[in-house]
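A.B. asks: Sharing a model that was predicted from the sequence below.
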Amino acid sequence: MNLSQLLMVIGVFVLAGIVKGVTGMGLPTVAMSLLGLWMSPVQAAAMLVLPSLATNVAQCRGPHLRQLAARLWPGWMAIAIVTVAAPGFGDTDSTESAKYWLGAILITYGAWGLWRPVLPDLSTRSTWLSAMAGAATGVVTAFTAVFVLPWVPYLQSLRLAKDEMVQALGLSFTVATLALVTCPVSPRH
């Protein structure tokens with residue numbers, strides 16, 4: 001990596017960190033989308049692991065751990081298992097395929113943010129829906145290293161208080177980041 005690439009990477013992470021600081025999420029989404037402009041998604045995901053893990057672990061602190069764990073563990077388990085087991089980065093036949101998946105998820109997430117639909121209150125059905133949302137998120141994570149869809153809309157539908165939501169995001173993204181770290185990456189990439 002030459003000096004100009006290093007400066008661009010630092011700039012991307014500064015911008016992504018600002019977004020994370022303001023919104024409580026977005027570091028992987030911003031970093032993957034910008035780093036993906038000049039490197040493969042596999043390389044970008046590898047660079048993303050430590051900064052993402054550090055910011056998410058910091059966000060995990062709070063008084064709601066026990067309640068959130070009791071409510072969200074099926075989803076977290078599904079995210080972890082499916083991310084590791086899904087044919088994602090390690091089995092992708094081409095970097096272009098991974099870039100298309102990443103682009104599609106980022107466009108979908110952007111459209112979701114602009115649309116801002118009113119979600120139904122799913123707080124009473126969270127146990128079984130948590131596992132379904134987690135499994136779907138695991139597939140997306142395995143292919144793109146972005147773990148916001150459909151997990152963030154699912155969390156929004158639980159009507160969590162602000163502090164609970166911030167902690168739930170930190171805990172969930174920590175689980176997804178750790179699962180991503182364990183994904184096997186093919187040596188051909």
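C.D. replies: Received, thanks. Numbers count the residues shown, from 1 in each chain.
A.B. asks: Of all residues in the protein, which one is nearest the centre?
C.D. replies: By Cα atoms, centre = their mean, the chain has its centre lying nearest to Phe147, at 2.2 Å.
A.B. asks: where's the closest residue to it other than its chain neighbours, which helix or strand?
C.D. replies: Leaving aside its sequence neighbours, Phe147 sits nearest to Ala176 (Cβ to Cβ, 6 or more residues apart in numbering; 3.8 Å). Backbone N, C-alpha and C define where each C-beta goes, glycine included. Using DSSP states H and E, Ala176 sits within helix 162-181.
A.B. asks: Alpha carbons only: can I get that helix in PDB?
C.D. replies: Coordinates of each C-alpha in helix 162-181 appear next as PDB, following Å, rounded to 0.1, in the frame of the first residue of the first chain:
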ATOM      1  CA  LYS A 162     -32.900   5.100  23.000                       C
ATOM      2  CA  ASP A 163     -30.200   3.800  25.500                       C
ATOM      3  CA  GLU A 164     -31.400   0.200  24.900                       C
ATOM      4  CA  MET A 165     -31.200   0.700  21.200                       C
ATOM      5  CA  VAL A 166     -27.700   2.000  21.300                       C
ATOM      6  CA  GLN A 167     -26.600  -0.800  23.500                       C
ATOM      7  CA  ALA A 168     -28.500  -3.400  21.400                       C
ATOM      8  CA  LEU A 169     -26.700  -2.100  18.200                       C
ATOM      9  CA  GLY A 170     -23.300  -2.300  19.900                       C
ATOM     10  CA  LEU A 171     -23.900  -5.800  21.200                       C
ATOM     11  CA  SER A 172     -25.400  -7.000  17.800                       C
ATOM     12  CA  PHE A 173     -22.600  -5.500  15.700                       C
ATOM     13  CA  THR A 174     -20.000  -7.000  18.100                       C
ATOM     14  CA  VAL A 175     -21.500 -10.500  17.500                       C
ATOM     15  CA  ALA A 176     -21.600  -9.900  13.700                       C
ATOM     16  CA  THR A 177     -18.000  -8.600  13.700                       C
ATOM     17  CA  LEU A 178     -16.700 -11.600  15.700                       C
ATOM     18  CA  ALA A 179     -18.600 -13.900  13.400                       C
ATOM     19  CA  LEU A 180     -17.100 -12.200  10.300                       C
ATOM     20  CA  VAL A 181     -13.600 -12.700  11.800                       C
END
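A.B. asks: Many thanks, I have nothing further to ask.
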